[in-house]
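Engineer: sequence unknown, structure follows:
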């Protein structure tokens, strides 16, 4: 557990970077600090391992006042990951990962063994151990950075925009793997980002800071989206937060309807005969959906042709039993036929669901949890 | 051939060397020692000065300017004034070593400061966050990363020292510069080349040897640089 107790950072020129910040980052959870530049999020993070000393206030690490621990000891017990990884260019990957272990007195050989284990843990082959950082891609370097922070198995990890310097595809991979790793390790993590989407994806709780280093709101992501505390938070979390909030609600069992299907190789006249309306769904031998066939405007002479993949419209996402309401709604919105395809655990067709049905489901869910009027009033004011 | 028969032909340097083997080799020994020692001592003194200039931003401009100005003192002036400053005899080779150490510092303080500044911010930050003390960070992270820059400065210092030591020959300090004064003294009717050319070639060889030594040592100490370059 990390606890900020009225922490303030004022610079000699009078700038207040962080103003009486008070919050708690619970053990085993990811707390994300998010806000525009100048909101003091990085300053707050660096005050935890005393890279920056607070002007006043106390930061507690469990029951210990961090100001009373010698800085280098404090830091060796806190993993730290930064934007460009900050790997030591003159050291091999294995030596980079083993840095803190060597500092705490491990033998070179033992540190190396642990480094290789950690590389595999973050998804890098053991053969990378003897490479130098310059020989790795940005994403790979960032994985090494995470492995290095994990090396001494610190209970606490500080992460300063660790995924913002890589391209979006790699970023998403790294985020997913990070969440999987955290599910295994259960570290107490404070994570800084300027990207609200990343905050909402990764955080168990999200602290939104405003310029001047004040805490605007601290809440789990779903609550942040559902009821922003003030116009600043509402503006910061964005306009489509209602839609994004659906991403945190499990769709549960969907009111699916049976959908007529055809297989590849059938004559198109057969497809027209079984279709419900202008679209028919093609499936493979295991009943997994392949795509939609448009029958509207098909000339009569074409009806003798057989169904092949190139005739199928591949647009449309799939919903499955673990989908959120957002994904389920998207399957219907994105489907060319207007009917969202729902599959079961093994990917076989379970039925389809329409946008109308999805909206009914969402309406039924939210009706029970409407908020008092004055709170949503503040939200509307911010959007106007 | 007239040129080959002429005792003052540059090609006579081999026989000149044979005739004066003992003197020349001892001069070479002094010359090596007098140019190498100041590089080592100068580096040892420049490291903390360069570190201070890097660490405290307000120290950098005066420190780099002042040490840089040392280079403008004529070497001959330094050779003759050092004995009065440190109380040695006029012809003590130590005077030359001290003077050249001053020149080496003039060159290296800036190089060390700039080399340390070239350590990327996020790398230095990561080192601090890992729990390195300031000293450990300097020794294990910053200096190794600055090593290629510092080595480049050392090459310049070592090579320029070789030529600067030769100047001290004019005031009688025993080293290869003696060959030039001898050559000059023997050039009564026309230029007498053998000792002069021999001196130039030996200085050149010495400079190249120093340079190769530093390059080789740098390559061994910084294997990561080659891999970066190969990318």
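Structural biologist: Looks like it arrived, so ask away. Since the structure is predicted, the reported quantities are computational estimates derived from the model, not experimental observations. Numbers count the residues shown, from 1 in each chain, chains lettered A, B, ... in the order given.

Engineer: which residues of chain B fall in helices?
Structural biologist: In chain B, the helices defined using DSSP state H lie at B:2-5, B:13-19, B:21-55, B:60-69, B:75-86, B:93-117, B:121-130, B:134-137, B:143-167, B:177-186, B:193-221, B:223-230.

Engineer: And the stretch 251-384 of chain A, by the same measure?
Structural biologist: Assigned by DSSP state H, counting those that start in this stretch, the stretch 251-384 of chain A shows helices spanning A:268-274, A:325-334, A:355-367, A:373-383.

Engineer: Give the rounded mean pLDDT of the first one.
Structural biologist: Model confidence over helix A:268-274, given as mean pLDDT, is 87.

Engineer: buried sites along that helix?
Structural biologist: Neighbour-count burial for helix A:268-274, counted by 16 or more other C-beta atoms under 10 Å in any protein chain shown, picks out A:268, A:271. Where you see a C-beta, it was placed from the backbone N, CA and C, and this is true even at glycine.

Engineer: ok, for the residue sitting nearest the centre point of chain B, nearest residue in space, not its chain neighbours?
Structural biologist: The residue lying closest to the centre of chain B (C-alpha atoms, centre = their mean) is residue B:158, at 2.5 Å. Leaving aside its chain neighbours, residue B:158 sits nearest to residue B:210 (4.1 Å; criterion: C-beta to C-beta, 6 or more residues apart in numbering or on different chains).

Engineer: Around residue 183, count how many other residues there are.
Structural biologist: Picked chain A for this. Counted with other C-beta atoms under 10 Å in any protein chain shown, residues neighbouring residue A:183 total 8.

Engineer: Chain B was what I was after
Structural biologist: Using other C-beta under 10 Å, residue B:183 is surrounded by 21 other residues.

Engineer: Please give me every residue in contact with it.
Structural biologist: Residues near residue B:183 by C-beta atoms under 8 Å, 6 or more residues apart in numbering or on different chains: B:191, B:192, B:193, B:194, B:195, B:196, B:199.

Engineer: on that earlier part again, quick check: the residue nearest to residue B:158 touching residue B:35?
Structural biologist: Yes: contact criterion C-beta atoms under 8 Å: residue B:210 and residue B:35 qualify, at 7.2 Å.

Engineer: residue at max distance from the center of chain A?
Structural biologist: residue A:301 (50.5 Å).

Engineer: Tabulate the helices of chain B (CSV), appending mean pLDDT.
Structural biologist: Output for the helices of chain B, formatted as CSV (pLDDT from 0 to 100):
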stretch, mean pLDDT
helix B:2-5, 45
helix B:13-19, 79
helix B:21-55, 91
helix B:60-69, 89
helix B:75-86, 84
helix B:93-117, 91
helix B:121-130, 93
helix B:134-137, 92
helix B:143-167, 92
helix B:177-186, 82
helix B:193-221, 90
helix B:223-230, 73
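
Engineer: can you tell which of these is closest to residue A:81?
Structural biologist: Nearest to residue A:81, of all the helices of chain B, is helix B:121-130, at 8.8 Å by C-beta to C-beta.

Engineer: centre of the chain versus that closest one, how much separation?
Structural biologist: 33 Å (C-alpha atoms, centre = their mean, to the nearest Å).

Engineer: Could you name the helices and strands sitting against it?
Structural biologist: On a contact count with 3 or more C-beta pairs under 8 Å, 6 or more residues apart in numbering or on different chains; DSSP states H and E, helix B:121-130 meets helix A:71-76, strand A:78-81, helix A:99-103, helix B:134-137.

Engineer: Which of these sits closest to residue A:201?
Structural biologist: Minimum separation from residue A:201 across the helices and strands packed on helix B:121-130 (C-beta to C-beta) falls at strand A:78-81, 16.8 Å.

Engineer: Residue numbers of chain B in contact with chain A?
Structural biologist: Residues of chain B lying close to chain A (C-beta under 8 Å from any C-beta of the partner chain) are B:120, B:122-123, B:125-133, B:136, B:141, B:144-145, B:147, B:222-224, B:227-228, B:231.

Engineer: now those residues: which count as buried?
Structural biologist: Among the residues of chain B next to chain A, those scoring as buried are B:122-123, B:125-132, B:141, B:144-145, B:147, B:222, B:224, B:227 (criterion: 16+ other C-beta under 10 Å).

Engineer: any idea how far chain A is from residue B:187?
Structural biologist: Relative to chain A, residue B:187 is positioned 53 Å away (C-beta to the nearest C-beta, to the nearest Å).

Engineer: On the three-state scheme, residue A:192 is what?
Structural biologist: Assigned with DSSP: H, G, I helix; E, B strand; the rest coil, residue A:192 falls in the strand class.

Engineer: in the stretch 101-250 of chain A, which spans are helices?
Structural biologist: According to DSSP H, counting those that start in this stretch, the helices that the stretch 101-250 of chain A contains are A:108-121, A:138-150, A:168-185, A:196-202, A:221-226, A:231-237, A:241-245.

Engineer: In a markdown table, list those helices along with mean pLDDT and distance to chain B.
Structural biologist: Shown next, in a markdown table, are those (pLDDT from 0 to 100; distance: least, C-beta to the nearest C-beta, whole Å):
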| stretch | mean pLDDT | distance to chain B |
| --- | --- | --- |
| helix A:108-121 | 94 | 13 |
| helix A:138-150 | 94 | 8 |
| helix A:168-185 | 91 | 17 |
| helix A:196-202 | 92 | 19 |
| helix A:221-226 | 90 | 27 |
| helix A:231-237 | 91 | 27 |
| helix A:241-245 | 80 | 32 |
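
Engineer: Could you identify which of the ones you listed is most buried?
Structural biologist: Greatest average neighbour count among the helices of the stretch 101-250 of chain A goes to helix A:138-150 (a mean of 23), per mean count of other C-beta atoms under 10 Å in any protein chain shown.

Engineer: where do the strands sit along the stretch 201-350 of chain A?
Structural biologist: Per DSSP state E, counting those that start in this stretch, the stretch 201-350 of chain A carries strands over the ranges A:205-210, A:214-219, A:261-263, A:279-283, A:289-294, A:312-313, A:318-319, A:339-343, A:349-354.

Engineer: of all those, which lies closest to chain B?
Structural biologist: Distance to chain B, taken as C-beta to the nearest C-beta, is lowest for strand A:205-210 among the strands of the stretch 201-350 of chain A, at 20.9 Å.
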